[in-house]
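Q: quick one, fold the following:
(chains A and B)
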Amino acid sequence: MKNNSLIKDVELFLDDKPSVYALRSKARLVVEKVFFSKKDEAWKYTDVREIINKDFEIVADNDGCKNSCACGNECNECDDVFIKIKFCNGRIHIEDYNLPKGIKVVVLPEVLYEGEYKKYLYGTFNIEEHPFAALNGVYLEQGVVIEVEKGVKNLKPLVICYNSDDSENRMFNIHNMIILGKGSELEIVEDYKNSSESCYLMNVVNEFFLDNDSVCRHYKVQKESFNAYHTVLNGVKVYENANYKQFYLAKGSKLSRNETLINLEKVNANAEVYSMYIGKSGCLTDITTNINHKVKNTSSTQYAKAVLEENSKACFQGKVRIEKDAIRSVGNQLHKALYLGDGAELNCKPELEIYADDVKCSHGASSGEIDGEQLFYLTSRGIGIDDAKKMLIDAHLEEILQFIENEQIKERFFL
Amino acid sequence: MLKKPLLEIKNLFAKVGDKEIIKGLNLVINEGEVHAIMGPNGAGKSSLSYILSGKDGYEVTSGEILFKGKNLLELNTEERAREGMFLSLQYPTEIPGVVVSNFLKHSLNAVRKYKGEEELDTVAFMKLLRLKASELGISPEMLKRFVNVGFSGGEKKRFETLQMALLKPVFSILDEIDSGLDIDALKTVSEGVNALRREDNSFLVITNYQRLLSYIVPDVIHIFADGKIIKSGDKELAIELEKNGYASFLNEEKNEE
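A: Just a heads-up that it's a prediction; the model follows:
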């Protein structure tokens, strides 16, 4: 067995329930035979062997995190403004959510126990094509299901905080599902933070279902330990007239992969994926996005802005597939990089697969360094060189930040 | 009363890359004086302004510059600015993504901090900024825009003047502040500059045209050619220059050689 360091004998909640056990067994079979290798085109620029060779401890505990846990209340500042869900060291922090009408939050163990939401679980991707999602499935237990009822709007934004202060050498597997009813709207913030130097694997699967005319703004702020690994798959299904927008800030993690797989299922479905990332020295940032335009009049945008420090590595893979029936679809993709030092490596791989006529697709990439004239202008006004550089880096990212309309959420994106 | 020198340039030689651009320049500007430098294109006037503000790539090979009695060449660009030197650029740089008010707050607080003054919080700063802006006819809307992006020629120069009004430099270099301005804009900008004149601050006005000097009246005019000053005089010199062009002065110098 190749990947045996990944498969551990741990006791999970509901192992005695055949339907749940079957899901885990299926995932286990995938992990046992999958090659986590650069030979796989989807992982060509991101070598994950060092993750596979780590002997991470599995976090599993159906009871969830108790209120007495040491994780504190790091999100206190946002209590009034946000609905807050916390994961402490990979386990959901059970609490009363005091939810407004029209939104339901159910923890995954309960969902599995009741056998609810079956048609949504693994409804957005094929587990055999996503090795880390399969790994996540081996330990399927922790997570949360958020459901917004038909027509419900103007909710407070919902924040999922992933705190991991006791994380050394652990692997966290979390599976969330976000379900938006017809015409509903939700702003969801994922806040990954860890200011320690721990080495751990944060392995998360999110599945989004956007029914007709719904709007989902998905904000992800990732500021993690520089020794951590972060692998996330966002599976998204967008139906008629619905709109999915993702804003992603990546900073930290030795290796991070944010993969988003979007299916535009019905006419006028729209998806936008905006990414900002700071590549740190010795770190690898991988942003992979696959968008399938399945029917006519669908549109997608991918726009990424990178700041690459000395000896950092990055990979931007953006695939737009326009199927035969998806006439009059629009797919745009753009990547702009700012290099701060020597030895940075960027692999930009745009892929357009177009099987329909009468479509508009574009892709582009540009790169440059901090502009000497701009730096001179700022310093000639008394601004110190380091501050001036920081202002210009922020300015580079500002072009994406300005798309975030909610000011309180935008603040979370500041470096 | 004996005048105190603010800027003293002594036998300065400088180059950009391999090209020598300043060739033995001597100039003393006292507190409260306005000097104008006129000269043909390519004479090195703008280069002089970059050398004074310490831009990368401009290398002093010999000579000395004293600013307030201190060795200017030991200071980097931001330190010179904090000491009270200001360069109004001929073509102010556009910086997409940096908002005017944020830029000015960083700038003013960096200068205040250096002088040991208390830094201004956002509320106090915005109050001051709006006041200074309205004095120069700058709309509050402009303060929310990105630095110099989409500004008209006049707006750019007015914005440079606003920065001077905030930072209160003791020595300002105005590099072709008249370029790209129509008569009305020229008047507004000149009035803005004149309002900043005090007994203890000085200006070096770089221009190609006599016209500006009838708005900002200099105490001394220098004719600058081939990396040095070839003639100095009062404002009559500018009028003579306007009449006869640079060629007569350049020939005069050749004959002397």
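Q: burial of the residue nearest to A:Val34 when sequence neighbours are not counted, as a residue count?
A: Counting by C-beta to C-beta, 6 or more residues apart in numbering or on different chains, A:Val34 lies nearest to A:Pro131, which is 4.5 Å off, once chain neighbours are set aside. Every residue, glycine included, has its C-beta placed from N, CA and C. With neighbours defined by other C-beta atoms under 10 Å in any protein chain shown, the count for A:Pro131 comes to 24.
Q: repeat for the one 5 residues further on
A: The tally of other residues near A:Asn136 (other C-beta under 10 Å) stands at 26.
Q: I figured it hits A:Phe172, correct?
A: No: A:Asn136 lies out of contact with A:Phe172 (C-beta atoms under 8 Å); the separation is 9.5 Å.
Q: need the residues touching each of these two.
A: Residues within reach of A:Asn136 and of A:Phe172 at once, by C-beta atoms under 8 Å, 6 or more residues apart in numbering or on different chains, are A:Asn203, A:Val204.
Q: okay, and for chain B, where does confidence drop off?
A: Filtered on pLDDT under 70, chain B yields the residue ranges B:1-2, B:253-257.
Q: what residues does it put near chain A?
A: B:53, B:55-56, B:76-78, B:80-82, B:86-87, B:89, B:92-93, B:95-98, B:102-103, B:106-108, B:110-111, B:114, B:146-147, B:163, B:167 (C-beta under 8 Å from any C-beta of the partner chain).
Q: check contacts around residue 15.
A: No chain specified, so I'll use chain A. Counting by C-beta under 8 Å, 6+ apart, the residues that A:Asp15 touches are A:Tyr21, A:Arg24.
Q: sorry, I should have been clearer: chain B.
A: Residues near B:Lys15 by C-beta under 8 Å, 6+ apart: B:Ile21, B:Ile22, B:Tyr58, B:Glu59, B:Thr61.
Q: from A:Lys17, how far out is it?
A: Applying C-beta to C-beta, to the nearest Å, the value for B:Lys15 to A:Lys17 is 81 Å.
Q: and the residue in the stretch 1-150 of chain B that chain A sits nearest to, what does it touch?
A: As assessed by C-beta to the nearest C-beta, chain A sits closest to B:Gly97 within the stretch 1-150 of chain B, at 2.7 Å. By C-beta under 8 Å, 6+ apart, B:Gly97 lies in contact with A:Leu392, A:Asp394, A:Ala395, A:His396, A:Leu397, A:Glu398, A:Glu399, B:Phe146.
Q: among those, which ones are in strands?
A: B:Phe146 (DSSP state E).
Q: farthest-apart pair in the contacts of B:Gly97, please.
A: Largest separation among these by C-beta to C-beta: A:Leu397 and B:Phe146, giving 13.6 Å.
Q: of those two, which one has the most company?
A: A:Leu397 (22 against 18).
Q: hang on, that one packs against A:Lys305?
A: Yes: at 5.5 Å, A:Leu397 and A:Lys305 qualify as touching, with contact defined as C-beta under 8 Å.
Q: got the domain boundaries for chain A?
A: Chain A is divided into the following domains under automatic domain parsing: A:18-266, A:373-415.
Q: strands along the stretch 1-150 of chain A, start to end?
A: A:57-58, A:83-88, A:91-92, A:103-107, A:144-148 (DSSP state E, counting those that start in this stretch).
Q: check what pLDDT the closest residue to chain B within chain A gets.
A: For chain A and chain B, the shortest gap (C-beta to the nearest C-beta) falls at A:Ala395, measuring 2.7 Å. Per-residue confidence at A:Ala395 stands at 93 (pLDDT).
Q: with adjacent residues omitted, what lies nearest to it?
A: Nearest non-adjacent residue to A:Ala395, counting by C-beta to C-beta, 6+ apart: B:Gly97, 2.7 Å away.
Q: check which helix or strand covers that neighbour.
A: In this assignment (DSSP states H and E), B:Gly97 forms part of strand B:95-99.
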